[in-house]
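**Student:** sequence unavailable; structure follows:
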């Protein structure tokens, strides 16, 4: 790939005691999160609820997270991100322990499970924005750190459902919730032991010089929005991503599941999902090695591979071809994810990074439920296979759109400058609105 270099010594700029603690926290939390859908489905079905109840319980978490993550970004820029993340983990430790008690006792009421899910979503909205600013404070090689975390999360995504299935089979759904609670306890312990280096010189908390209260909070929220809008490469990607969620990712997840299970059975679907997870590990490993100068351009080229997933299923290819398509798709999506996360973390000044990351997360997720909701009606009209083929074609179009935007394809990587004690100081490019 033109303009791409390989840095074999990147590991030395990533691994430290504190990054290892953060890495462990993210890996175990992801492992628990991937166990949760299995526990919810098995537990609610076991107590007489249907698929609609499972979807409602999951939607309660997703709605709270998507609706409140922007406000979580303001909190993360105003207060200690480490303390907020520890607090969020402790809240989720409590809620999942309560869910375990409910399932163990056999007293399972849907509204209570939804309320627990909502509380988890609120805690996630407080936790997630701080991740963006923590990575560049712990590793001078931000891309390498993101790649390592992506590999760990992908491996956890492979292991989580299998572990949950074993726990359900040998214990009960309550055992999965207890294990999930334990992952949050371990994550909180790792974050408690973590020592974050000071912010880069010139950085300031969002609340600096503004006092407190509702007006200051709204001012910080508005400032985050202004900073978000001032970067064409940032809001352009989010705008394109909304189309991606509606036309590609949203329909692909439910329709691939339906088509593969109906044609080849649930074991085949498990194999395809495993191939997707293995591909994301490969993509993370590639992101550890390749150092493109124009990261978003390289990421968009890699993202082209995702089209192989819906297209192979829509075309009715055999199971090996679908698994290969899923693996290619996972690698492309994972590589893009590292390029995107690293660009945001290194191009945005630290004092607004958490808020901008929150706008990024909210914008990226906003259209996914729309795409999922439209998948069924579209499949009824056009046929599921045609919708998946259309999703594959749209995936190509989305990548082309990203490459056609000058601010996106021309964005030049920014390396974090190493500060005191090896702590990086993210550097602001010369211009906030033109970084080509």
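**Tutor:** Okay, I see it. None of the values given here were measured: they were computed from a predicted structure.

**Student:** now stretch 354-363, how far from the chain's geometric center?
**Tutor:** Centre-to-centre, stretch 354-363 and its host chain are 12 Å apart (C-alpha atoms, centre = their mean, to the nearest Å).

**Student:** make 10 the starting number, not 1.
**Tutor:** New numbering, starting at 10: the last item is stretch 363-372.

**Student:** contacts for it, please.
**Tutor:** When contacts are defined by C-beta atoms under 8 Å, 6 or more residues apart in numbering, stretch 363-372 is touched by residues 75, 78-83, 85-86, 90, 137-142, 215, 229-230, 232-234, 236-237, 243, 247, 250-251, 353, 357. Heads up, the C-betas are built off the backbone N, CA and C, glycines and all.

**Student:** do stretch 320-338 as well
**Tutor:** By C-beta under 8 Å, 6+ apart, the list of residues contacting stretch 320-338 reads 264-265, 268-269, 272-273, 277, 280-282, 284-285, 287-288, 291, 314-318, 393-402.

**Student:** and with 7 Å instead?
**Tutor:** With C-beta atoms under 7 Å, 6 or more residues apart in numbering as the test, stretch 320-338 has contacts from 265, 268-269, 273, 277, 280-281, 284-285, 287-288, 314-315, 317-318, 394-395, 397-398, 401.

**Student:** quick check: which helices or strands does the helix or strand in which residue 157 is found pack against?
**Tutor:** Residue 157 belongs to helix 151-179 when assigned by DSSP states H and E. Packing contacts for helix 151-179, counted by 3 or more C-beta pairs under 7 Å, 6 or more residues apart in numbering; DSSP states H and E, involve helix 26-55, helix 119-147, helix 182-202, helix 275-298, helix 328-356.

**Student:** would CSV of these with mean neighbour count and distance to residue 260 be doable?
**Tutor:** Output for those, formatted as CSV (neighbours: other C-beta atoms under 10 Å; distance: least, C-beta to C-beta, whole Å):
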stretch, mean neighbour count, distance to residue 260
helix 26-55, 21, 19
helix 119-147, 23, 24
helix 182-202, 22, 29
helix 275-298, 20, 16
helix 328-356, 24, 14
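
**Student:** nearest to residue 389, of the ones you listed?
**Tutor:** helix 275-298 (21.1 Å; C-beta to C-beta).

**Student:** now the angle between helix 328-356 and the closest one, please.
**Tutor:** Relative orientation of helix 275-298 versus helix 328-356 (axes from the mean of the first three to the mean of the last three C-alpha atoms, to 10 degrees): 40 degrees.

**Student:** the closest residue to residue 152 other than its chain neighbours and residue 329, how far apart?
**Tutor:** Nearest non-adjacent residue to residue 152, counting by C-beta to C-beta, 6 or more residues apart in numbering: residue 351, 4.3 Å away. The gap separating residue 351 from residue 329 is 34 Å, by C-beta to C-beta, to the nearest Å.

**Student:** cool, and residue 175?
**Tutor:** Counting by C-beta to C-beta, the gap from residue 175 to residue 329 is 27 Å.

**Student:** same question, residue 352
**Tutor:** Applying C-beta to C-beta to residue 352 and residue 329 gives a distance of 35 Å.

**Student:** this completes my enquiry, with thanks.
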